[in-house]
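S.K.: build me a model:
(one chain, ligands or ions: 1)
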Amino acid sequence: MRKPVIAGNWKLFKTSGEAVDFVTELVPLVKDIIDVEIVIAPAFTVLATVQKKLEGSGLHLAGQDCFWENEGAYTGEVSPLMLSDAGCSHVIIGHSERRLYFGETDDTVNKKLKAALKGGLTPIFCIGETLEEREAGDTFNVLRTQIAGGLKGIPAGNVNRMVIAYEPVWAIGTGKTASDGQAQEAHKFMRGLLSEFYDWTIAEETRILYGGSVKPENIKGLMAQPDIDGALVGGASLKAESFASIVRFKQ
Ligand code: PGA
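M.R.: Predicted coordinates for the structure are as follows:
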């Protein structure tokens, strides 16, 4: 019932030539996959170039962030309207690197989620605990605070239009994936939170992705978990072949 999503987050990688090479290689490798929502999140500067290459492929384009106003005197920002205009259907919001290096808080994440939804984009709302928080036994409290803060004032009818990405900070770019059991435990807890904050139907309809050192070797085990609906992939999304084999997790 929940269509799996596999999203590649390119972060601060790829010039336009590299992006074109990637897409040219990727599209034929995944063209027969229709039961997975495939999303690519390049840097802003190559969105339009990638969009042209994706035309007719069925693949989706995402921004890696957006601001909460559509226009104004906000130097350096990019709005939901501008992302749609560049061909995006999705936008990553609240990635832990933005929280860590760029002062993103639950409050700014909340404003961005609302703006993205209003602009017709599908937000990929990222949350996750640090190693210290996990070791202190605080994982569930952190997830509760981040979900409650991020979703504040967002009505039920909009929540199931979003995608949530659970990305334990200690697993991002470290090669250390959460075990299938650890990830499932967190996902089940988050689905429980959605049913507490909204209702069970909303919880059942909302897709929750796992992120943090996802690779072709561990995607099958993760996707076999009942509450894991896909993956947000960083490092392994930079090579067409490894991203394609993650997308083809069923084979
Ligand atoms: P990683 O990054 O796959 O390189 O760990 C995941 C992410 O940050 O979304």
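
S.K.: switch to C-alpha atoms for all contacts and neighbour counts from now on
M.R.: Will do.

S.K.: just the helices in the chain please.
M.R.: Remark: helices assigned in the chain by DSSP state H are 16-30, 47-54, 80-85, 96-101, 106-118, 131-135, 139-151, 156-159, 180-197, 200-205, 219-223, 240-247.

S.K.: which one of the ones you listed lies nearest to residue 3?
M.R.: helix 200-205 (9.6 Å; C-alpha to C-alpha).

S.K.: now the closest one: buried residues?
M.R.: 202, 203, 204, 205 (16 or more other C-alpha atoms under 10 Å).

S.K.: same deal with stretch 170-185?
M.R.: Residues 170, 171, 172, 173, 177, 178, 180, 183, 184 are the ones in stretch 170-185 that count as buried (16+ other C-alpha under 10 Å).

S.K.: what is the most widely separated pair among those?
M.R.: Applying C-alpha to C-alpha across these, the maximum distance is between 173 and 184, 19.8 Å.

S.K.: up against the ligand, what does the stretch 1-150 of the chain have?
M.R.: Within the stretch 1-150 of the chain, the positions near the ligand by C-alpha under 6 Å from any ligand atom are residue 9.

S.K.: of all of the stretch 1-150 of the chain, which residue lies closest to the ligand?
M.R.: residue 9 (5.7 Å; C-alpha to the nearest ligand atom).

S.K.: run through the residues that contact that residue.
M.R.: 40, 41, 42, 64, 232, 233, 234, 237 (C-alpha atoms under 8 Å, 6 or more residues apart in numbering).

S.K.: dump the residues you listed to CSV, plus distance to residue 122.
M.R.: Listed next are those as CSV, based on distance: C-alpha to C-alpha, whole Å:
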residue, distance to residue 122
40, 13
41, 12
42, 16
64, 12
232, 14
233, 17
234, 19
237, 20
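
S.K.: using CSV, please lay out these together with pLDDT and neighbour count.
M.R.: Below are the contacts of residue 9 laid out as CSV (pLDDT from 0 to 100; neighbours: other C-alpha atoms under 10 Å):
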residue, pLDDT, neighbour count
40, 98, 27
41, 98, 27
42, 98, 26
64, 98, 24
232, 98, 28
233, 98, 27
234, 97, 21
237, 98, 26
